[in-house]
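Chemist: Sequence plus the predicted model coming up.
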Amino acid sequence: MTVEPASPAAPLSASAPRPGAEPPAVHEPAPAPPGGRAAWLAWSVGVSVYVLAVIHRTSLGVAGLDAADRFGIGASALSTFSILQVLVYAAMQIPVGLLVDRFGPRRVLLLGVVLLSTGQLAFAFSSSFAPALASRAVLGCGDAMTFISVLRIAARWFPAARNPFVAQLTGLAGMGGNLVTTVVLAQALHSEGWTPTFAAIALLGVAVFALVALFLRESPDHGAPEAPQASAASAAPVRPVERRDRPGLGRQVAACWREPGTRLGLWVHFTTQFPGNAFGLLWGLPYLVEAQGMSRAGAGGLLTLLVLSNMTFGFVFGRLLSATARARMPIVLTVIVTTALGWALVLSWPGGHPPTWLLVGIILVMGSNGPASLVGLDYARSGNPPERLGTASGIVNMGGFIGTMITLFGIGVLLDALSPDGAGSYSATAFRWAFCWQYVPLAVGAAMILRLRRKVAAAGA
């Protein structure tokens, strides 16, 4: 038998490199996200904060009329609650994305729970407009820290191919919080009153804070021992594992913005999310009760249908997007066109009182808005490296809430202009013309999507 000589490039031994040779670089391969039971546990703990945030965020949607009576305000002032909350949420997206990239999602989630609970507790005991408004701003700041953090946990724990589906499941779980609002919170406000109801929601944060602090692992290698360091007697230092200089905050944001997928994602999020968001956050209940003459129980039932539709579309879209990325733009354009046509039919109905079946139809259609907006995050995720995902997601996530803020404000101003007698005098005609405002951001967003989709297609994303 002939023994082949060792290759000159091979090391003489595993422990002793050849004299004069440069020591080999030490690279600790990152463990692949398992996507198994541990991954689902980590995601579940993280998503519990997001569910809590959605309960806080949507609580005003079933308390709008109560808030108008408690603080003695009209439609413009009432819309200011949600506008400020959404404005703070949108403004915090890029800072929160940077925080997640630098300090990890676990710490950001814990801070978010503290802010959510503090803001809601202050809102529970507010008896005048200014303190209540400030408390909603604090709540919006805490809310901003939840969704991006959960997406970052999912990106670390699950394979890339599963991320679109997990993102849709995250949105679906959040709708569970919305369901709590429309079913439980609405009834509690009627039976228990303002302060006990909102104080009880605030205290839920204590349990969620403990859950995250005790059980959340933000990545598969979280808490793993560090790579062994070179000994003092080594002839040459071991090069660090994949050492990279972190870019400055401005350069990080600029790098994300230069990516066409990030910009397309922002406009997708902007255009698809705001109709259902504005309806569910504030104007849905007043529209159904004051313009359509429904009881609060009946209006609450339709808002519950909006939540259930959202959850169903989230599951369907998640499956489609996991199967093929080619489904992204067809989903987005279909949702935009269907929403625009649905509202055109509702608002043009003679007398301003469309039949119940048509109201049910437009609510089912708006259930697709939230899940379609998550396609924007998928565009950003496919166009940015992992170290920029938090920042890119923050930029995209601003879009829908900016659109929501514009819509909430526009509808409120038009309602007040068309109803000189103030709250309680909003007619079906006033709501009809005020809701036409939705077509302004819808047209702007659709035009930007059609323009940017070519750049993304040219980049091969």
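Modeler: Sure thing, it's come through. Computed from a predicted model, the values in this text were never measured in an experiment.
Chemist: any idea how far residue 378 is from residue 87?
Modeler: Relative to residue 87, residue 378 is positioned 26 Å away (Cβ to Cβ, to the nearest Å). All C-beta atoms are positioned from the backbone trio N, CA, C, and that covers glycine.
Chemist: Name the residue in those two with the higher neighbour count.
Modeler: Neighbour count, other Cβ atoms under 10 Å: between residue 378 and residue 87, residue 378 has more, with 22 against 19.
Chemist: wait, that one sits on residue 328?
Modeler: Yes - using Cβ atoms under 8 Å, residue 378 is in contact with residue 328, at 6.2 Å.
Chemist: shaky segments in the stretch 51-200 of the chain?
Modeler: Regions of the stretch 51-200 of the chain meeting the criterion pLDDT under 70 are absent.
Chemist: Going along the chain, name the strands of it.
Modeler: Ranges of strands in the stretch 51-200 of the chain, per DSSP state E, counting those that start in this stretch: none exist.
Chemist: All the helices of it, in order from the start?
Modeler: Taking DSSP state H, counting those that start in this stretch as the test, the helices found in the stretch 51-200 of the chain are 64-71, 75-91, 93-103, 105-125, 129-143, 147-157, 163-180, 186-192, 194-215.
Chemist: quick one: which of those helices is nearest residue 277?
Modeler: Residue 277 lies closest, by Cβ to Cβ, to one member of those: helix 75-91, at 8.3 Å.
Chemist: What are the buried residues along that closest one?
Modeler: 75-91 (16 or more other Cβ atoms under 10 Å).
Chemist: Residue 211: how many residues sit nearby?
Modeler: By other Cβ under 10 Å, the residues close to residue 211 number 17.
Chemist: how about it, what does it touch?
Modeler: Going by Cβ atoms under 8 Å, 6 or more residues apart in numbering, residue 211 touches 45, 48.
Chemist: same thing with the one 4 residues further on?
Modeler: Taking Cβ under 8 Å, 6+ apart as the contact definition, residue 215 lies against 41, 45.
Chemist: now it: how far from residue 151?
Modeler: Look at residue 215 and residue 151: by Cβ to Cβ, they are 19 Å apart.
Chemist: The helices of the stretch 51-200 of the chain: which one's closest to residue 367?
Modeler: helix 163-180 (8.8 Å).
Chemist: Next, show the common contact partners of residue 378 and residue 328.
Modeler: Taking Cβ under 8 Å, 6+ apart as the contact rule, residue 378 and residue 328 both touch residue 321.
Chemist: residue nearest the centroid of the chain?
Modeler: residue 147 (4.6 Å; Cα atoms, centre = their mean).
Chemist: my guess is that residue meets residue 50, correct?
Modeler: Yes - with contact defined as Cβ under 8 Å, residue 147 and residue 50 form a contacting pair (5.8 Å).
Chemist: shared neighbours of these two, which are they?
Modeler: The contact sets of residue 147 and residue 50 overlap at 170, 174 (Cβ under 8 Å, 6+ apart).
Chemist: Residue 56: neighbour count?
Modeler: Around residue 56 there are 28 other residues, counting by other Cβ under 10 Å.
Chemist: That one and residue 116 touch, don't they?
Modeler: Yes - the pair residue 56 and residue 116 qualifies as a contact (Cβ under 8 Å) at a distance of 5.1 Å.
Chemist: Which residues are in contact with each of the two?
Modeler: What both residue 56 and residue 116 touch, as defined by Cβ under 8 Å, 6+ apart, is the set 139, 142-143.
Chemist: Return the members of these classed as buried.
Modeler: Neighbour counting with 16+ other Cβ under 10 Å marks 139, 142-143 as buried within the shared contacts of residue 56 and residue 116.
Chemist: nearest to residue 60, of these?
Modeler: residue 139 (9.5 Å).
Chemist: For the closest one, which non-adjacent residue is closest in space?
Modeler: residue 119 (3.2 Å; Cβ to Cβ, 6 or more residues apart in numbering).
Chemist: Tell me the confidence at residue 348?
Modeler: Listed pLDDT for residue 348 reads 93.
Chemist: Would you list the phi and psi of it?
Modeler: Backbone geometry at residue 348, expressed as degrees, to the nearest 10, gives phi -90, psi 0.
Chemist: What of residue 258?
Modeler: Here residue 258 shows phi and psi, under degrees, to the nearest 10, equal to phi -70, psi -20.
Chemist: Helices of the stretch 301-450 of the chain, residue ranges please.
Modeler: Under DSSP H, counting those that start in this stretch, the stretch 301-450 of the chain gives helices at 328-347, 356-366, 369-383, 389-418, 428-435, 439-458.
Chemist: Residue 311 is nearest to which of those?
Modeler: helix 369-383 (8.7 Å).
Chemist: how much distance is there from the closest one to the middle of the chain?
Modeler: Chain-centre distance of helix 369-383: 10 Å, with Cα atoms, centre = their mean, to the nearest Å.
Chemist: So which elements touch that helix?
Modeler: On a contact count with 3 or more Cβ pairs under 8 Å, 6 or more residues apart in numbering; DSSP states H and E, helix 369-383 meets helix 163-180, helix 260-278, helix 296-323, helix 328-347, helix 389-418.
Chemist: Low-confidence ranges, the stretch 351-461 of the chain, go.
Modeler: Short version for the stretch 351-461 of the chain, where the test is pLDDT under 70: 420-425, 459-461.
Chemist: how close does residue 166 get to residue 156?
Modeler: Distance from residue 166 to residue 156, by Cβ to Cβ: 11 Å.
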